[in-house]
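Peer 1: What follows is a protein structure lacking sequence information:
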């Protein structure tokens, strides 16, 4: 059994957790005052940074669960997503409409293989 690594640990959550060569983390926009395009752009940039932190990259994404406040924002999300995900390396993905904390329009749950 491999060790569990935790990054940015608080009482309530860790910024990222690695176990068995797989990284798990969640991203929300640092600035929830932005519109959907701004929040998605922020989150995709944050994912890039977190992937680097855990020793991974976009080509190693396994699954991304996307929670949105309004599915009507799907075209904006998909446009930015399609530009961001490397061709031939799309992860399994689901997009679900849910209630999110006020001001937040999107939240992403990421699972990625770690480069060993």
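Peer 2: Good, I have the coordinates. Computed from a predicted structure; not experimentally measured.
Peer 1: Break down the protein into its helices, ranges please.
Peer 2: Using DSSP state H, the helices found in the chain span residues 36-54, 74-84.
Peer 1: now these in JSON lines, with mean neighbour count, distance to residue 3 and mean pLDDT?
Peer 2: For the C-beta atoms, the positions are set from N, CA and C on the backbone; glycine is no exception. Shown next, in JSON lines, are the helices of the chain (neighbours: other Cβ atoms under 10 Å; distance: least, Cβ to Cβ, whole Å; pLDDT from 0 to 100):
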{"stretch": "helix 36-54", "mean neighbour count": "18", "distance to residue 3": "14", "mean pLDDT": "97"}
{"stretch": "helix 74-84", "mean neighbour count": "15", "distance to residue 3": "31", "mean pLDDT": "98"}
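Peer 1: Pipe those helices into TSV and attach distance to residue 13 per row.
Peer 2: Output for the helices of the chain, formatted as TSV (distance: least, Cβ to Cβ, whole Å):
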stretch	distance to residue 13
helix 36-54	13
helix 74-84	24
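Peer 1: Next one: the nearest residue to residue 39 once chain neighbours are set aside, what pLDDT does it get?
Peer 2: Of all residues not flanking residue 39 in the chain, residue 29 sits nearest, at 3.8 Å (Cβ to Cβ, 6 or more residues apart in numbering). On the pLDDT scale, residue 29 is placed at 96.
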